[in-house]
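Asks: Predicted coordinates and the sequence they were generated for:
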Amino acid sequence: MPGLLRGIARTAAVAGTATVVAGRVQRHQASKFAQRDAETAAQRDQAYDEQVAPQESAAPPQDAAPPPAPAADPLDRLKTLGELKESGVLTEAEFQAQKAKILAG
């Protein structure tokens, strides 16, 4: 019986040692892969920032108002105003008020 107990004890010691070694290897590999994944993510983020930064600087600001439209020729504006009056969209008073604004401006 002592030989049997010795064999069981030896098997338990070998199995325990193997478990400890396997656990250490697994933890070491996990930390190595986590570090590699973090470096890859940092490189990817940096490449993304480098790619997006020129696009952001080239894009017009969103808060900026559109540039004002070029001033229309007063004669064209008066012609359009006369057409609106003839079609009945504008009354005589409205026509005269808009005409005064065009001629004053």
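Replies: That came through fine.
Asks: what's the longest helix in this structure?
Replies: Ranked by residue count under DSSP state H, the longest helix found in the chain is helix 2-58.
Asks: That one: what's the following helix or strand?
Replies: Using DSSP states H and E, the helix or strand that follows helix 2-58 towards the C-terminus is helix 74-87.
Asks: Could you point out the helix or strand that follows that next one?
Replies: Remark: after helix 74-87, the chain's next helix or strand is helix 92-104, criterion DSSP H and E.
Asks: Report all helices and strands that that next one contacts.
Replies: Applying 3 or more Cβ pairs under 8 Å, 6 or more residues apart in numbering; DSSP states H and E, one finds that helix 92-104 contacts helix 74-87. All C-beta atoms are positioned from the backbone trio N, CA, C, and that covers glycine.
Asks: For V14, list the residues it contacts.
Replies: V14 makes contact with no residue under the criterion Cβ atoms under 8 Å, 6 or more residues apart in numbering.
Asks: From Q43, how far off is D49?
Replies: 11 Å (Cβ to Cβ, to the nearest Å).
Asks: Could you count how many residues lie near L81?
Replies: By the other Cβ atoms under 10 Å criterion, the neighbourhood of L81 contains 19 residues.
Asks: For it, give me its contacts.
Replies: For L81, the contacting residues are 90, 95, 98-99, 102, by Cβ under 8 Å, 6+ apart.
Asks: What of L84?
Replies: In this structure, L84 makes contact with 90, 95, judged by Cβ under 8 Å, 6+ apart.
Asks: Relative to A72, how far out is it?
Replies: Separation of L84 from A72 (Cβ to Cβ): 14 Å.
Asks: What is the burial count for R44?
Replies: Under the neighbour criterion other Cβ under 10 Å, R44 is assigned a count of 10.
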